[in-house]
Structure formats: C-alpha cells, structure tokens
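[1] got a predicted structure here, sequence first:
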Amino acid sequence: MSSVKVECVVKVSALIGEGPVWEESEQSLLFVDISGQKIHRWSPSTNQIQSLETGQPIRNVQRHSENMTLSHTSRLFSGETVGFVVPRRSGGYVAGVGRSIVAVDWSTQMMTSLLEVDEDKKNNRLNDGKVDPIGRLLAGTMGKEERPAEVQRQQGSLFSVNSDLGVTKHLSQVDISNGLDWSLDQKTFFYIDSLSLTVDAFDYDSHSGHIGNRRVVYRMEAGEGLPDGMTCDADGRLWVACYNGGRVIHIDPATGVRLQTVSLPVMKTTSCCFGGPDYSDLYVTSASLGLDQSGRRQQPLAGGTFRVTGLGVKGRPSNSFSG
C-alpha cells in the first residue's frame, strides 16, 4: 500500500473550520469557519485564499409564486455563524448562515436570504449541509453552544430543501446534526448526530426525498472522539472526521468494520472531502476554538486544513444545489 502523507496546506487558523467541498469548475476548496463567520475559497495551484464574511448585511427578497407572494421577515443584518457552503447550479453558492439558507454571489460578495428554518427556535443555528445527487439540499440544525462543547440537547432538526425552495423536516430532537452523504446507488443516506456516537443509515428515496428505516452502521470506540463531518468514496466506503479524536476513520458501512485510521497533528478534526484533479486527495478541516495556551503550543496547526495523500482511494465530485 502506498505511504500516507499528511500536510497542513491552509495555515489560516480557523476557530471551527468545517464543511470542505471541492469545487471542480474552479479547482478550489470551499470551506467555512463557523464561529469565525467566514466562507473561504482556497486554490491549491496558487495557494491563494479568498474569504467572505458572513457577519454582514443580508438582502431579503420577495419570492413570487403563481398565486401568492412570500415576503421574508428574517433579520436584515447578520452577525451569524455559517454552518456550510455548497455550489449552486445557477451560479454562486448557497450557505447556511444562522438559521437562514442564503444565496452567495462571490463576485459581488453579496448574500441574499432565500428562506429560514427552525423559526420557532431562535437559539438554533444551521450546522452541516450537503446536496444529494439530484440537487436537493439536506441541512441540519443544533442548539447554539452556551459555552464551547456545552450544547443544548435535542434542539436540532434535519431538513431538506428542494429546487422550488420547499422545505421538509425529516428529523427533530437532534443533538448535533452533522455529517451526511449517500451511497453509490443513492438508495442509502448516511447521517451523523454527533452525541449519539454512531454513524447511521436510512433508506433513501431520491425521487421524493423520503428517509426511513434508521439503523446504526458504525459505533464509535473509546478514544475515537465524536463523529463529525464525513464523505463517501468511490468504493462506497465512509471517511469520518473524529472531533476530539485527532483522526479520520475509514469504515465499511456494509460490515460496520473500521478499515483504516488516519492520524492528524490536531485533535479537533471536524470534516473531510475528497478533491484534487482526480479526487485522490482527502482534505480535512479542524478547529482551534476552546484550546488553552498549552493546547495551542502542543497543536500549533490547530484550525488549519490538511491534505492527506497516498490513501489509494478516490472520492466523487460534489453535487450542486438545484434551487
């Protein structure tokens, strides 16, 4: 087997780096800093990083349908966390800012609110989100942390947003809605609610977006930390970033067996995705929030983004939101 190499390629120290997505058209890596309230775009070829702050004015829009007008009453100004960013088929990106799904125009650095979720839970925020193979966005919420690592439990939900911006709630009483991805045949949806310490699977109907038949495909072992963001490779196996575990684990959801562990020089590994010209590079984000001075000395690369090469597997292109 080829030798695995781990290097820190983006040394910007994020408070909570999260949600890496490889954007094929730009050959660049998108990721967010949740608490730093920034969306980053990094080019491996130039090593340049561009950033957009989400703590800026968000335009509201009026949506017109055949027989009604939907006007939005969400906040005009955002000092909000950003949970995820994904490409949008019509151009630009869509991000989860606070409890709002917003359209992001990178060229003008403008954000426009499309809709809001969990309107009855003002203390919630959007966390991880990902687009399914037909262009539907799935995104989850969680209670805001009163203090780092102190989350209000069972406050979150899991939603999907379809191309006409219709919203469906699939799950409630979620602790920390996190990693999501789909099997190669699109018939299985993989999902992580971090505090359950499991990776779960659902039957998935890609036509309707319905999920059902929840079951556990992997149970975290002692010392592995909390399951966080994840990605599915071209062989249908899962790669799960382990928060407070300093590692990414490679698991076979069919057997529940851990196939490999990739150790990183930081403990708060948060999420991962495959990228690069042939999708053979695994990018891993991390967090620095909550580390004391001693922790920062021991982990000087905390909050950086890492590239893992030599794994001998490839990932799949990301999907773009159809709305």
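    Right, received. Where do you want to start?
[2] residue ranges with poor pLDDT in the stretch 101-250 of the chain?
    Low-confidence segments of the stretch 101-250 of the chain, defined by pLDDT under 70: 146-149.
[3] now the strands for it?
    For the stretch 101-250 of the chain, the strands defined by DSSP state E, counting those that start in this stretch cover 110-116, 124-131, 137-143, 145-147, 150-151, 156-161, 167-174, 177-182, 188-193, 198-204, 211-219, 226-232, 238-243, 247-252.
[4] would you reformat those as CSV and include mean neighbour count and distance to A95?
    In this view, the C-beta of every residue, glycine as well, is placed from N, C-alpha and C. What follows is these, written out as CSV (neighbours: other CB atoms under 10 Å; distance: least, CB to CB, whole Å):
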stretch, mean neighbour count, distance to A95
strand 110-116, 19, 7
strand 124-131, 26, 8
strand 137-143, 26, 10
strand 145-147, 11, 20
strand 150-151, 14, 21
strand 156-161, 22, 12
strand 167-174, 15, 16
strand 177-182, 25, 16
strand 188-193, 24, 20
strand 198-204, 19, 24
strand 211-219, 14, 23
strand 226-232, 26, 15
strand 238-243, 28, 20
strand 247-252, 21, 24
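[5] for those, which one sits closest to S3?
    strand 247-252 (15.7 Å; CB to CB).
[6] strand partners (parallel or antiparallel) of the closest one?
    As defined by DSSP bridges, the strand partners of strand 247-252 come to strand 238-243 (antiparallel), strand 257-263 (antiparallel).
[7] between strand 188-193 and the first one, find me the angle.
    It refers to strand 238-243. Here strand 238-243 points in a direction 10 degrees away from that of strand 188-193 (axes from the mean of the first three to the mean of the last three CA atoms, to 10 degrees).
[8] do the same with the longest one
    Direction vectors for strand 257-263 and strand 188-193, defined by the same axes, to 10 degrees, enclose an angle of 50 degrees.
[9] for strand 257-263, which outside residues touch it?
    4, 6, 218, 221, 237, 246-252, 282, 308, 311 (CB atoms under 8 Å, 6 or more residues apart in numbering).
[10] how does it look with 7 Å?
    Strand 257-263 is contacted from outside by 4, 6, 237, 246-252, 308, using CB atoms under 7 Å, 6 or more residues apart in numbering.
[11] which one of those is nearest A103?
    Relative to A103, the closest of these is V248; by CB to CB it sits at 31.1 Å.
[12] give the contact list for that closest one.
    239-242, 262, 269, 272, 284.
[13] now the contacts of strand 257-263 in JSON lines, with distance to D105?
    As requested, those are exported to JSON lines (distance: CB to CB, whole Å):
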{"residue": "V4", "distance to D105": "38"}
{"residue": "V6", "distance to D105": "35"}
{"residue": "R237", "distance to D105": "36"}
{"residue": "G246", "distance to D105": "37"}
{"residue": "R247", "distance to D105": "37"}
{"residue": "V248", "distance to D105": "33"}
{"residue": "I249", "distance to D105": "37"}
{"residue": "H250", "distance to D105": "37"}
{"residue": "I251", "distance to D105": "38"}
{"residue": "D252", "distance to D105": "41"}
{"residue": "V308", "distance to D105": "32"}
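[14] now, which of those sits nearest R89?
    For the contacts of strand 257-263, with R89 as the reference and CB to CB as the criterion, the closest is R237, at 27.7 Å.
[15] pretty sure the closest one contacts H250?
    Yes - counting by CB atoms under 7 Å, R237 does reach H250; the two are 6.1 Å apart.
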